[in-house]
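>>> how would this look folded up:
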Amino acid sequence: MKKVILLIMIGVSTMLSANDLSRTNGVVTDNTTNLQWQDDVASVSKTWSEAIRYCETLSLNGLSDWRLPNKNELLSIVDYTKYDPAIDATFINVTSSSYWSSTANSSFTSHAWFVVFSYGYTYGDTKDNSTYVRCVRGGQ
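Numbering: from 1, shown residues only. Predicted structure coming up:
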């Protein structure tokens, strides 16, 4: 019975980090979700509204349709088999900290959600605080 539980845990762990990622010219492509992630510079810290504007005005590899990812999209690149940072090694420009999502907190309109890439959990905070930004394109 212990061997079966261990094998199930290993299988779930593998599934949680099974995205097919590739990196080209500062863009990480997730071939599982068809999302493309900005990974061209060291992380930048901004307020929530600044983060939205930053992504909307980003031009990278001749592409200009970048946006701030929603909470679920950010969670899709968490690698729960890793910590500090809990993200696939395909990403090379990573700060083991929190990254804004575009998802506002429905209970507190002055708050929005971010993903903490130290361990891969979500947290809400006021939109006036500064935290890191990673833009995405595609999906939705």
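
>>> where does the protein dip in pLDDT?
1-18, 139-140 (pLDDT under 70).

>>> what sits closest to the residue most central in space within it if chain neighbours are left out?
The residue lying closest to the centre of the chain (CA atoms, centre = their mean) is residue 74, at 3.1 Å. With CB to CB, 6 or more residues apart in numbering as the criterion, residue 74 has its nearest non-adjacent residue at 4.2 Å, and that residue is residue 115. C-beta: built from backbone N, CA, C; applies to glycine.

>>> who does the one helix or strand that neighbour maps to pair up with?
Using DSSP states H and E, residue 115 maps to strand 111-116. Sheet pairing of strand 111-116 (DSSP bridges) gives strand 98-104 (antiparallel), strand 121-126 (antiparallel).

>>> quick revisit: who does the helix or strand containing the residue nearest to the centre of the chain touch, helix- and strand-wise?
If you go by DSSP H and E, residue 74 is part of helix 71-75. Counting contacts by 3 or more CB pairs under 8 Å, 6 or more residues apart in numbering; DSSP states H and E, helix 71-75 is packed against strand 98-104, strand 111-116.

>>> where do the strands sit along the protein?
For the chain, applying DSSP state E gives strands covering 21-24, 27-30, 35-38, 44-46, 98-104, 111-116, 121-126, 131-133, 136-137.
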